[in-house]
Structures are given as C-alpha cells and as structure tokens.
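**Student:** got a predicted model here, sequence first, then my questions.
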Amino acid sequence: MDTKGNSNCRISELQDESKIGTKVSLSGWVRTRRDSKEVSFLVVNDGSDVQGLQVVIDSDIEGFAEASSHCKNGAAVCITGTLVESPGKGQKVELQAESFELVGGCIAEDYPLQKKRHTNEFLRTIPHLRPRTNTFGAAFRIRSEASFAIHSFFNQEGFSYIHTPIITTSDCEGAGKMFQVTTLNQDNIPKLDSKKVDYSKDFFGQEAHLTVSGQLEAEMFACSLKKAYTFGPVFRAENSNTPRHLAEFWMVEPEMAFCDLAGNMEVAERFIKFTIGHVLEKCQSDMAFFNQWVEKGIVDSLESVVTADFARITYDEAIKVLEKSKQKFEFPVAWGNDLQTEHERYLTEEHIKGPVFVTNYPTEIKAFYMYLDEGEKTVSAMDLLVPRLGEIIGGSMREHREDILLKQLDKFNVPREHIEWYLDLRKYGTNPHSGFGLGFERLVMYLTGLKNIRDVIPCPRTPGNASI
C-alpha cells in the first residue's frame, strides 16, 4: 500500500473529464458494491466530495475475488488504475482498476449505513458513523471551510487571534446558567459556618465555571492590540431540548478599540459577506447537494445576501413596522419586548426583503456591558437579521465610562468583585470600543439549510447526552 506524496489522489480532484487517461491511486471506503460474473463495481468515497467514484474491477485483476466476496459497505480499500470515460448515467468518469487491496474489511453484519436514505434523527444515534453519509460529510466540509474563512477574514482585517480562557470566575452574560468546575469531594463538601461551600478549599480557591463567552477577555486585548477576536467553545447550562440550543457550542467574538456602532456594523457586514462568499466558492458541489436535497433555493438566497446592501433601522422603527403589519404573531409586539424569530423573519423577508441591522434596543433587554445611549432608554446595540433565519449576529458598543458601567453592574446585579480587572480597563486609558458575537453553529445551519443544531456540530452536547 503506497499512500505517500501525490500518488494518493482525492476523489474531488478526479471528477473532471480532463483527467481521463490519467493513472491514479486512491484510498477510501466502499459505499456500494454490485457484482457480475466477470466484473465487480464499487462506489468508493474518500470524504473529499459528496460524490463517490465508481471503480470497475475485472476478474483478471489481483484481488478480484476479495473485492467480489469480502468487500462490503464500509470497507476500507486502496486502488490503483486509470481514469476512463464512464458509459453510466450520472458520472463522467470511472476508475478502471489495475490493482486492488482490501485494507480493512467491514466484518460486522449489522453495518447501519446501507444504500438507502437515513433520517437525521437516526443518524444522531450513531454520531461516530454519520460523517460517512452525504449529508453530514457535506455539512462538516462546509463547517471546515467556514472556519477557515473566519480566520482569513480577521487576519486580512488586521485582527489578532486571542485564545480566551475556558475556565472563568465571571459570568459575562449575567444569566447564571453556567457549568461549575470543581475538584471538591462531592461526598464531603467543605462548608463555612454559614453553611455555604468553602471554595477556598477548591482547586482555584474560588468558585469557577466553564465560560459562556470570551468577550470580556477579547475586550481586554482590544484595549491593547486595538483589534482582537476569539473563536472557541463556550458553554451554557440551559436545560433546553430545542433544535436551536446546545450546551457546548462555538462563538466568534471580535472586539475593536476606537470603534463606534456604525463601524461595528460595517465590519459585521463585510465579515458575513466574506464568509458566505468563501463557502459558496469553495464548496460548490456540497452546496449543490444541499440546494437539491435539503433546502431548494438556498444557494440563490445566500448569493443575494453576499450582493445585498444591508439596511439599517432602529428598534423603534422595527416595532412600528411590526405593529402596522396586521400579522398574527405568536409573541406579542410591544415596545420593551425582545424581538422573536417570527418578528425578525417578517422584517427581513416581508418588509426589507433582505438583510437588516436593527439598532438601539431597550436597555432592560440587553446586557450590562452595552453602551448607554443619551436618555438612558436604549443602548447602542445592533442585531443583524437575515432571511430564512432571523438574528445571525448580535453586538454593541461597550460601555467604556466607568461611572455608568458601575451603575449598570448594580442594576443588573453583577458582583463587582468578579470583574475588578474589567473595571480597570475603564480606569487606565479608557476608550470607546465595540464588538459582536456570532454563534458558529447557527451560521452553519444557515449555510446548509439543516434545521437542527445537533446536525452541524461533530459531537453535540445536550441535556442528558455527552456520550462521544
């Protein structure tokens, strides 16, 4: 078996008629097999493309007996041969084998991925095998390209990539739904006289949790490096079994010093256009697959976002539009209520007919760190809404004025002692700054049309489930 250098080709590179007559070696896994007396036909996939490659193995080839009798679905194979024009429908080329090796047979009789369509619900029960299917192979290739696009965008925009901590003692969102990290003996937890847990005996000497966001730490670096971003896992201990929630997911969070809300929106617009455009260019066959089998029209929808001029309206204006719409929404529309997905989609799909930034939300429905507008009724916040999804990005100017931030901490019941370092940023050379956050899995759902967030992350963590 020779898999060194360029002798082992990727199937995605072999689907072109210009390759006919080329001698190649490939390795991958058998998707299907059918036999006649003199010929065995295999469809082999190597994970590089949604399409497999048909391999024709004649009876005079060494290994034919093994291919025709032991080469079951899922088996790992290495094959060398010549690309020839295919007489079959649905494929331009096929590989005429000259040598065949069964590297790893599929020895079990109950291999669950057979030649039929499996539901995503069933495939969630076998997360270790589902990447072998067309749907999930395509989804994770798109996830990979979107990750690369994100780093490429921020690199070319002059951002520094910061690895913010996973373990923290502060709650960025102030919601309290955090996973606790402790080494205390759960059978003999040390207590103070007040009967409260004595965290001085714990590993970090104080109560610690898995982070819900890297934003605060990214702000720290933006106030020294000017532009910084973090892209990593975050955690929410919400007992929520919906198609839109995970206990562990990934967040993209850029922060920019000397940047106001308008500048923040400009960066967010360039960012989302760049990322979507990159995926459309690099994942054409995968996007064609999702366009055909998952959500028809998704490619046109995404292309329209890339070429659109994003509208901008205030929260006040959005509420007035929704109130005048005469739509029967499930959730009531009223000033002071947060916008729900049905409201966001009406704004993008019916009113604006394209992407829109909604700005200046009521203070009470946003986080403590957002910049308080004059009059203190609203904050300088923005949400980017897109057709088919609703909110895809949320951000704001950050409150850089120490006196106002202190009042907001008290208003939102955020303990000062947990973020003294954050307050220091306001004491020592404070400056206006802004940032936003994007839930990466929500973006992958938007790119693929998949409706369940558990289908766009390799190993979903949900209530009662952390098996793989």
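**Tutor:** Here it is on my side, so go on.

**Student:** now do the contacts for E219.
**Tutor:** 255, 398, 422, 425, 433, 435 (Cβ atoms under 8 Å, 6 or more residues apart in numbering). No exception for glycine: its C-beta is placed from N, CA and C like everyone else's.

**Student:** contact partners of the lowest-mean-pLDDT helix or strand in the chain?
**Tutor:** Scoring the helices and strands of the chain by mean pLDDT, DSSP states H and E places helix 64-70 at the bottom, with a mean of 82. Defining contact as Cβ under 8 Å, 6+ apart, one finds that helix 64-70 is touched by 33, 35, 40, 42, 57-58, 77, 100, 102, 105.

**Student:** hmm, which two among those are most spread apart?
**Tutor:** The span of the contacts of helix 64-70, defined through Cβ to Cβ, is set by D58 and G105 at 21.0 Å.

**Student:** which one of these two has more residues nearby?
**Tutor:** Shown here are D58 and G105; by other Cβ atoms under 10 Å, G105 has more neighbours (15 against 12).

**Student:** mind listing what the more buried one touches?
**Tutor:** Per Cβ under 8 Å, 6+ apart, neighbours of G105: 70-72, 75.

**Student:** okay, it: pLDDT?
**Tutor:** G105 is assigned a predicted lDDT (pLDDT) of 84.

**Student:** just the closest of the contacts of E219 to F136, please.
**Tutor:** Distances from F136 to the contacts of E219, taken by Cβ to Cβ, are shortest for G435, at 32.3 Å.

**Student:** nearest spatial neighbour of the closest one, skipping sequence neighbours?
**Tutor:** E255 (3.7 Å; Cβ to Cβ, 6 or more residues apart in numbering).

**Student:** check which element follows the host helix or strand of the one you found along the chain.
**Tutor:** Element membership for E255, per DSSP states H and E: strand 248-257. Of the helices and strands lying after strand 248-257 in sequence (DSSP H and E), the nearest is helix 261-282.

**Student:** residues contacting Y369?
**Tutor:** Contact partners of Y369, counting by Cβ under 8 Å, 6+ apart, are 172, 215-216, 396, 398-399, 405, 408.

**Student:** recalculate using a threshold of 7 Å.
**Tutor:** 398-399 (Cβ atoms under 7 Å, 6 or more residues apart in numbering).

**Student:** confidence score at it?
**Tutor:** 96.

**Student:** what's the answer for G174, then?
**Tutor:** Here the pLDDT value assigned to G174 is 60.

**Student:** now I404: how far from E350?
**Tutor:** Look at I404 and E350: by Cβ to Cβ, to the nearest Å, they are 37 Å apart.

**Student:** next secondary structure element downstream of the least confident helix or strand of the chain?
**Tutor:** By DSSP H and E, the next helix or strand past helix 64-70 is strand 76-85.

**Student:** how far is that following strand from where the chain is centred?
**Tutor:** Strand 76-85 has its C-alpha centroid displaced from the chain centroid by 35 Å (Cα atoms, centre = their mean, to the nearest Å).

**Student:** can I get the helix or strand just after that strand in PDB, CA atoms only?
**Tutor:** Using DSSP H and E, the helix or strand that follows strand 76-85 in sequence is strand 93-104. C-alpha atoms of strand 93-104 as PDB (Å, rounded to 0.1, in the frame of the first residue of the first chain):
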ATOM      1  CA  VAL A  93     -15.500   9.300 -15.300                       C
ATOM      2  CA  GLU A  94     -14.800   6.000 -13.600                       C
ATOM      3  CA  LEU A  95     -11.700   4.200 -12.500                       C
ATOM      4  CA  GLN A  96     -10.600   1.000 -14.300                       C
ATOM      5  CA  ALA A  97      -8.700  -0.800 -11.600                       C
ATOM      6  CA  GLU A  98      -5.300  -2.300 -12.200                       C
ATOM      7  CA  SER A  99      -4.600  -3.300  -8.600                       C
ATOM      8  CA  PHE A 100      -6.900  -3.600  -5.600                       C
ATOM      9  CA  GLU A 101      -6.200  -4.000  -1.900                       C
ATOM     10  CA  LEU A 102      -8.800  -4.600   0.900                       C
ATOM     11  CA  VAL A 103      -7.100  -2.700   3.700                       C
ATOM     12  CA  GLY A 104      -9.800  -3.100   6.400                       C
END
